[in-house]
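In: missing the sequence, but the structure's below:
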């Protein structure tokens, strides 16, 4: 039979094939969920591994977690993606670890951490206290790394994370103590911040600037880079921000440094030692530069570089604190029409402020021309400075009426500083038009008339926060209208001729912090209710006035008080015990008043107190041992950086108190020299500067003056625990008992006055260990026994020990075998005649030798004076030696037997003189200084 093929519309597959296809489809359906589960299991396994790595980091690297931030890092968690500081990808891989400012303390092992987190892209650990055990890394995908503000102090290893992490674009290692090491980075890096470390290896900077590739930010500020800046950013085509400030660079800035980097927008080379001429710099086309600071260097020259006018986008230009000495180039600066901040302060610019500078007024917001030698006033072109917010013209020679004609029209002005100029007349009332003004400083000028009463009013409220008018010639009363300035925080009217009381409206200002009006003729009383009905004062300085009444009890509510000075007034009554509530009080001065009662022991609760002056009052009772309670507990910082002057009394017992500390902000030195307190003592010395603590931690009081009172009882033993005390004056009281042996613990003491009391017993030998002691006075007591021979005790003049009938030893009469002064009466056993003759002849020869040597030195001194030798600085030493020789000679020839020195004393004088002659250094109150002072006292008394 013939086979026939039948073609059907759709061919049916065999049943076997159907069965096979069914099996395959079934297998596919089974395999697909298995594959998805496998991927999920793999992801879970990877996530579990990352969790294990994070827990290992918590256990091994974190020793302390004070904020308990890692409390939810638990092995019982299904995934670490919900833990604090963790961010994950959609696949549950850890991509970000952010523990910023967590306060963690520990040791970072970057190699282990990056190895445990293979998908980690961003690591932020700034603001902790990590040190580094290993800053290398396994192969990683990190893009951002911030380890700033930690305790990393090791050098970077040769194979650091820079080389292992090829995708890094942002690295911040600032605010650590990294000294250097190895630095190599790849082309992916865009921003590198190494500021505030201790890097001194200049090859780091050279490498960074020569191979910067794609860097757009490079910060090496506040390190220890020194020497010349040899390399320019020529190859840095993308660099827009470069900060090399606060280093030790010296020499000239490479002339093409700016021109070689046209992409620069921000350049800071301030706070270095760059010198040479500013005019030699080439700014090139300067198409992008917007911020430039060269301040705090030693740049000089004859002018500005002309290419600076090409920097048309420049917004900030800071050339302050250099040595630029020429007229301000108004035309050049006037062409920089985008300027917002311009500082030329602390240079030697002279002449008038140029008219053309006013052309920048369209954008200018801050102008600082202070501390130069500028004359004239502010040109009228500046009236168009509608955006001006800060104007500083202080410390120049400016004069005229520009405050009225120009400044009063600057409606946006917030800060106005014009102190230390020659502006006269009355304070312009038109300044009230500047309704945005927060700070008005017109101190140390020649203003006369009244304090302006209409700077603020209910109809014309202003933002005024600081009113500073010290060191002028203002008169009249403090206006009560100042009470309308509800935002006032600081008022300084010191060194004027103001009279009358301080108005209650001022005392009750709601935001008042600083009330400073010392050196006037103010009267009235301090009202009860201060710091209750008004602001919580921080500074109250009213010394050298005529204020009466008592100190209000409410002063105990001034819990923010730092500095209280009420000295040299007419205050009466007792010192409130509530002062012990002032835990921030650092300086308390109430000397030279008529205060009575006891010293409150509560003052010992003032845990920040470093300066206590209660001298020249009528205080009685015992010395509270509580005054030393804070010894070893005082923390520095409360009054750091305040400008002060200390008038030290050096006239001995003819002066009342050790001296006075005065707040010296905005006062000319010449005005202070005319202050009565400076002339209250035959010899004074003025020290001025900024307050700096003499200890870092565990401090104590540094000045304690309780002299000229009626204090009684014994000196507390624990006073010797004030190891940082520099001045202790307890003289002119009624103290009794012994001088504590614990005074050997006053290791920093320089002035110790215990004179004019009723102290008994021996001088403690421990006083001989006080190496800084330069002025000691224990005269007019009942002390007995030998003066300890150790240390400096034998170098002080006799006047410091006089009127102690039982004291003996150098510089007083020698002690007998019983420890008492030797008597000059005839002894029971006569010396042989021959021995007496020999001693007498030897004694006479020594005296004659001293007189001859003195006359010889006088002659030689006259010859030197005629020749006017170059090294005239040595003359004070010659005068001291000359006086010492004369003193020896004349004391030998004194016709009063009890005034003649013994042979031992004569030998001691020559020995001391020889020792002094070997050194040209005048060290504090050395023998030579003491001799000169004593000579001056004798001259003045005669």
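Out: Arrived safely. This is a predicted model, so every value here is computed, not measured.

In: Only C-alpha atoms from now on, for both contacts and neighbour counts.
Out: Noted.

In: Against residue 110, how distant is residue 161?
Out: 8 Å (CA to CA, to the nearest Å).

In: swap in residue 221?
Out: Taking CA to CA, one finds residue 221 at 25 Å from residue 110.

In: higher neighbour count, those two?
Out: More neighbours surround residue 221 than the other of residue 221 and residue 110, with 24 against 20 (other CA atoms under 10 Å).

In: gap between that one and residue 269?
Out: Taking CA to CA, one finds residue 221 at 9 Å from residue 269.

In: what do those two both touch?
Out: Here residue 221 and residue 269 share the contacting residues 243-246, scored by CA atoms under 8 Å, 6 or more residues apart in numbering.

In: List just the nearest of those residues to residue 724.
Out: Checking these against residue 724 by CA to CA gives residue 246 as the nearest, at 32.2 Å.

In: Identify the residues contacting the closest one.
Out: Counted by CA under 8 Å, 6+ apart, residue 246 has contacts 221-223, 269-272.

In: May I see those residues organised as JSON lines, with pLDDT, distance to residue 59 and secondary structure added?
Out: Below are the contacts of residue 246 laid out as JSON lines (pLDDT from 0 to 100; distance: CA to CA, whole Å; DSSP: H, G, I helix; E, B strand; the rest coil):
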{"residue": "221", "pLDDT": "97", "distance to residue 59": "35", "secondary structure": "coil"}
{"residue": "222", "pLDDT": "98", "distance to residue 59": "34", "secondary structure": "coil"}
{"residue": "223", "pLDDT": "97", "distance to residue 59": "34", "secondary structure": "coil"}
{"residue": "269", "pLDDT": "97", "distance to residue 59": "44", "secondary structure": "coil"}
{"residue": "270", "pLDDT": "97", "distance to residue 59": "44", "secondary structure": "coil"}
{"residue": "271", "pLDDT": "97", "distance to residue 59": "43", "secondary structure": "coil"}
{"residue": "272", "pLDDT": "97", "distance to residue 59": "44", "secondary structure": "coil"}
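
In: Below-threshold pLDDT in the protein: ranges please.
Out: Scanning the chain for pLDDT under 70 picks out 1-47, 458-461, 640-644, 649-654, 657-660, 662-665, 676-682, 686-692, 817-942.

In: please redo it, this time with the cut-off set to 50
Out: Applying pLDDT under 50 to the chain flags residues 1-13, 15-18, 20-43, 824-833, 835-838, 864-942.

In: residue ranges of the helices in it, please?
Out: In the chain, the helices defined using DSSP state H lie at 15-61, 110-116, 161-164, 202-210, 330-334, 402-405, 504-507, 669-673, 833-867, 875-892, 903-917, 927-941.

In: Can you list the neighbours in contact with the fourth one?
Out: It refers to helix 202-210. Contacts of helix 202-210 (CA under 8 Å, 6+ apart): 183, 220, 225-226, 230-236.

In: Take those residues and lay them out in CSV including distance to residue 170 and neighbour count.
Out: Listed next are those as CSV, based on distance: CA to CA, whole Å; neighbours: other CA atoms under 10 Å:
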residue, distance to residue 170, neighbour count
183, 15, 19
220, 15, 23
225, 23, 25
226, 26, 17
230, 26, 13
231, 24, 15
232, 23, 19
233, 20, 24
234, 22, 18
235, 20, 15
236, 17, 22
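
In: Kindly reformat those residues as JSON lines containing distance to residue 527.
Out: Shown next, in JSON lines, are the contacts of helix 202-210 (distance: CA to CA, whole Å):
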{"residue": "183", "distance to residue 527": "66"}
{"residue": "220", "distance to residue 527": "55"}
{"residue": "225", "distance to residue 527": "57"}
{"residue": "226", "distance to residue 527": "58"}
{"residue": "230", "distance to residue 527": "66"}
{"residue": "231", "distance to residue 527": "66"}
{"residue": "232", "distance to residue 527": "66"}
{"residue": "233", "distance to residue 527": "65"}
{"residue": "234", "distance to residue 527": "69"}
{"residue": "235", "distance to residue 527": "70"}
{"residue": "236", "distance to residue 527": "67"}
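
In: Identify, from these, the entry nearest to residue 555.
Out: Within the contacts of helix 202-210, the smallest distance to residue 555 is 49.2 Å, found for residue 220 (CA to CA).

In: show me the contacts for that closest one.
Out: 193-196, 205, 243-245 are the contacts of residue 220 under CA under 8 Å, 6+ apart.
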